[in-house]
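Novice: I would like the atomic coordinates for the input below:
(one chain, ligands or ions: 1)
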Amino acid sequence: MSRMERAGIGMTSARTRDRLVERLRGKGIANVEVLERIREVPRHLFIDEALASRAYEDTALPLGRGQTISQPYVVAAMTEELVRERPDGRPLGKVLEIGTGCGYQTAVLASFVRHVFSVERIQSLLTRARRNLRELGISNVSLRHADGWQGWRSQAPFDGILVTAAPEKVPDELLEQLDDGGRLVIPVGMAGRQSLISVTRNGTQFERTELLRVSFVPLVAGIEP
Ligand code: SAH
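Specialist: Next up is the predicted model:
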């Protein structure tokens, strides 16, 4: 069965997606555009065929190379926080994402911002992400095989930075690449006890809020093929 044929059958049906969206709404996701985007993006195309029947369950799933596609609730919560209106009312221009994985969070985010710059340390995952995003016709994204601890200096500053792997503390380099008024959404902490936090830059001040307990793979230094 081809990827396109799979898009039409029961496990990925409108009803299955509706159920996921209702679940996320029940768990507190209130931004209607974010919920609509979760309904729209075909998560089953981002994972292995063997797991496609579970694509619209609200769980993280393995991607290979020891990595996971994030839980839809967490993708929605991070996106909702990142796109929340800024005090100065400016829309989101450039956003940096660290940890592209298969590109699912990238695809959800792309419709809310002018351009997403996304960095992944494992080349084989990045290749899959590139194919997935191309198949969906998402073109306002630039992908790079690099170590996200360094951010993406030549494109900084960013209106938003979203990190989908957890360091033990917020990397200074990422704070430096945040524009004034910009927001960084990042899981922080050791395996098993991480918190998702949101940091807003106000001049030289960084205001920090804790959002929820999460479980991400670690943010690892260096790159791999
Ligand atoms: N955003 C993905 C989640 C992928 S899991 C989704 O939508 O499902 C986290 C990803 O972060 C993994 O692919 C991992 O390889 C990557 N990662 C970990 N440390 C990194 C680093 N220092 N730089 C870039 N990517 C990193």
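
Novice: which of the residues in the host helix or strand of residue 201 are buried?
Specialist: Taking DSSP states H and E as the definition, residue 201 sits inside strand 194-202. Residues 194, 196, 197, 198, 199, 200, 201 are the ones in strand 194-202 that count as buried (16 or more other C-beta atoms under 10 Å). Where you see a C-beta, it was placed from the backbone N, CA and C, and this is true even at glycine.

Novice: got the residues of this protein near the ligand?
Specialist: 67-70, 98-99, 101-102, 104-105, 119-122, 125, 147-149, 164-165, 217, 219-221 (C-beta under 6 Å from any ligand atom).

Novice: are any of these buried, and which?
Specialist: Looks like the residues of the chain next to the ligand have 67-70, 98-99, 101-102, 104-105, 119-122, 125, 148-149, 164-165, 217, 219-220 buried, using 16+ other C-beta under 10 Å.

Novice: now the strands for this structure?
Specialist: 61-64, 67-69, 94-98, 115-120, 141-145, 158-163, 178-188, 194-202, 205-214 (DSSP state E).

Novice: surely residue 100 is in contact with residue 129?
Specialist: Yes - counting by C-beta atoms under 8 Å, residue 129 is a contact partner of residue 100 at 4.7 Å.

Novice: identify the contacts common to the two.
Specialist: 106, 118, 120, 143 (C-beta atoms under 8 Å, 6 or more residues apart in numbering).

Novice: which two from these end up farthest apart in space?
Specialist: For these, the maximum inter-member distance is 9.5 Å, found between 106 and 120 (C-beta to C-beta).

Novice: common neighbours of these two, please.
Specialist: 100, 129.

Novice: quick one on the thing from earlier: between residue 100 and residue 129, point out the one with more neighbours.
Specialist: residue 100 (28 against 24; other C-beta atoms under 10 Å).

Novice: which phi and psi does that one have?
Specialist: Main-chain dihedrals, residue 100, degrees, to the nearest 10: phi -60, psi -40.
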